[in-house]
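Enquirer: have a look at this prediction, sequence included:
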Amino acid sequence: YWAAHPWKKDPSDSTPTVLQNEAVDTSVDVFFLHPTTFTNNELRNIEWNANINDPILNCKTDYTSILYQASVFNKTCRVFAPRYRQAHLYSFYTNDSVRAKAAFALAYSDIKKAFLYYLEHYNNGRPVIVASHSQGTVHATSLLKEFFENKPLQNQLICAYIVGMVLPKQYFTDLKPCTDSLTTGCFTGWRTYKKNYMPDYVKKENNNSWVINPLSWSVSDSSVSKLANQGAVLFNFKKILPHTNGATIHNGVLWIEKPRFPFSFLSSRKNYHPGDINLFYMNIRSNIESRKNTYFQHSKK
């Protein structure tokens, strides 16, 4: 039940064409939690958790999140991405909080078992990255709280890239947000929206969410130019698109101008949630390696 695993050929092994001759150093592991792909509207309020043996759903997960998101780690990491009985998308919006809470709890129980299995059979003291998007981030924060914060395993944490969801400032007590591009043992995350757009549910948070700019790896609200964007990987996975957009932190979210890519003029999107990772693909890929190098330099002292 692994969507991605070092000993199986899967979409996380893929790279855009210009990166296919890159040197690979997988001295780090990443435990990646994919976002919600169980979105079938006909099953809302009927099936609250996905069937982990559904081949169509698994294929959807593999050729969206695992290909376009988990692959960002494959230059520096062995990629572990467990399948889990994810909560239906409806669980985020329903008024039935009891059913929703149970759905998320079941999903997390699968992730916890997978992580315990990973620790017992594969980790062997290796440094690890926790990474996630959307529903995956809901579970990743719980995983970090249970297994890393104020635990010995925190010493093996290079970074947690927990993207696409609110990160309440009071949630962690000891685990800190990254404030630069090299710090290790910290977490980083953001939610991406079009400049000047602020959904009502974000307004209600009153700026109570950590957000780190993936173009500067800083919590500063200074605007970062699109020239700092090393490249996005969007609809055509094989192609890297440099300088698609800059980014600015504003009241708990990341604001970007309309990204520039072929036919982008057709898009009227204001919420760039699906592109939280892909709009900054090459910056993330580069940062993983930088933090890895820092971690090993410090471990030798």
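Expert: That came through, no problem.
Enquirer: could you pull out the helices for the stretch 151-300 of the chain?
Expert: Taking DSSP state H, counting those that start in this stretch as the test, the helices found in the stretch 151-300 of the chain are 200-203, 281-299.
Enquirer: check the stretch 1-150 of the chain too.
Expert: 55-61, 67-68, 97-118, 135-147.
Enquirer: would you map the strands across the stretch 101-250 of the chain?
Expert: 128-133, 157-163, 186-188, 192-194, 248-250 (DSSP state E, counting those that start in this stretch).
Enquirer: let's have these in CSV, adding distance to Ser290 and mean pLDDT.
Expert: C-beta here means a position set from N, CA and C on the backbone, and glycine is covered the same way. Output for the strands of the stretch 101-250 of the chain, formatted as CSV (distance: least, C-beta to C-beta, whole Å; pLDDT from 0 to 100):
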stretch, distance to Ser290, mean pLDDT
strand 128-133, 12, 98
strand 157-163, 10, 98
strand 186-188, 12, 98
strand 192-194, 22, 97
strand 248-250, 20, 97
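Enquirer: can you redo those strands as CSV with distance to Leu279 and mean neighbour count?
Expert: Listed next are those as CSV, based on distance: least, C-beta to C-beta, whole Å; neighbours: other C-beta atoms under 10 Å:
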stretch, distance to Leu279, mean neighbour count
strand 128-133, 12, 27
strand 157-163, 11, 26
strand 186-188, 15, 23
strand 192-194, 6, 21
strand 248-250, 13, 19
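Enquirer: so which of the helices of the stretch 151-300 of the chain gets nearest Lys9?
Expert: Counting by C-beta to C-beta, Lys9 lies closest to helix 281-299 out of the helices of the stretch 151-300 of the chain; the figure is 20.5 Å.
Enquirer: for the residue most central in space within the chain, list each beta-bridge partner.
Expert: The centre of the chain sits closest to Ser132, judged by C-alpha atoms, centre = their mean, with a distance of 3.1 Å. Legend: beta-bridge partners of Ser132 under DSSP bridges are Leu33, Ile162.
Enquirer: need the helices of the stretch 1-150 of the chain in JSON lines (columns: mean pLDDT).
Expert: What follows is the helices of the stretch 1-150 of the chain, written out as JSON lines (pLDDT from 0 to 100):
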{"stretch": "helix 55-61", "mean pLDDT": "98"}
{"stretch": "helix 67-68", "mean pLDDT": "98"}
{"stretch": "helix 97-118", "mean pLDDT": "98"}
{"stretch": "helix 135-147", "mean pLDDT": "98"}
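Enquirer: how about those, which one is nearest Phe32?
Expert: helix 135-147 (7.4 Å).
Enquirer: how big is the angle separating that closest one from helix 97-118?
Expert: Taking axes from the mean of the first three to the mean of the last three C-alpha atoms, to 10 degrees, one finds helix 135-147 and helix 97-118 inclined to each other by 60 degrees.
Enquirer: rewinding a little: of all the helices of the stretch 1-150 of the chain, which lies closest to Val166?
Expert: Closest to Val166 of those, according to C-beta to C-beta: helix 135-147, at 9.0 Å.
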